[in-house]
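Student: What shape does this take:
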Amino acid sequence: MGPLYVQGAPERNQVGTGYLLMGTVKSAVGCKPVANAKIEVWMAGPQGHYGDDWRATLFSAGNGRYYFRSHAPPNYGTGRPHIHIKVSRDGFKTLITQHYPAENAGEGVFNLVLVPN
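Tutor: As a prediction, the model looks like this:
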């Protein structure tokens, strides 16, 4: 997760405008949708610094779908622009990953696959 993860981000699905991340949380067994998965996101703000304004907790819908609105992740230092994601749900192993948007994209589709315990 790295040193910039902070537990307890506010429940919201938007921390900015200009970029839409969406997808479906699925089970690795049969690709069935996983409802009510907890999705935590954290990212650098427009000036390249992490902070509470750029953290959120959201939940997948009954059909497993989720969406998150933000600014496009910025370039900073030598790191490639990205959004950190942690997904958890009872009965599944926790997934920690990163989404790397395509250059100049206004949206991205990123399905999240959970492995049952």
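
Student: can you pull the contacts of the residue sitting nearest the centre point of the chain?
Tutor: Residue closest to the mean C-alpha point of the chain, counted by CA atoms, centre = their mean, is residue 85 at 3.8 Å. Neighbour list for residue 85: 39-41, 95-99, 110, 112 [criterion: CB atoms under 8 Å, 6 or more residues apart in numbering]. Just so you know, the C-beta spots here come from the backbone N, C-alpha and C atoms, and that holds for glycine as well.

Student: List buried residues within these.
Tutor: Applying 16 or more other CB atoms under 10 Å to these, the neighbour count classes 39-41, 95, 99, 110, 112 as buried.

Student: biggest separation within those, which pair?
Tutor: Spatial extent of the buried ones among the contacts of residue 85 (CB to CB) is set by the pair 40 and 110 at 14.2 Å.

Student: Of the contacts of residue 85, which is the nearest to residue 69?
Tutor: Of those, the one sitting nearest to residue 69 (CB to CB) turns out to be residue 41, at 10.6 Å.

Student: list the contacts for the closest one?
Tutor: Contacts of residue 41 (CB under 8 Å, 6+ apart): 9, 15, 55-58, 68, 70, 83-86.

Student: before we move on, the earlier item: write down the beta-bridge partners of the residue nearest to the centre of the chain, one by one.
Tutor: Here residue 85 sits in beta bridges with residue 41, residue 97, going by DSSP bridges.

Student: quick one: secondary structure of the residue of the chain most remote from its centre?
Tutor: In the chain, the greatest distance from the average C-alpha position (CA atoms, centre = their mean) is reached by residue 30, at 22.4 Å. Secondary structure, DSSP: H, G, I helix; E, B strand; the rest coil: residue 30 is coil.
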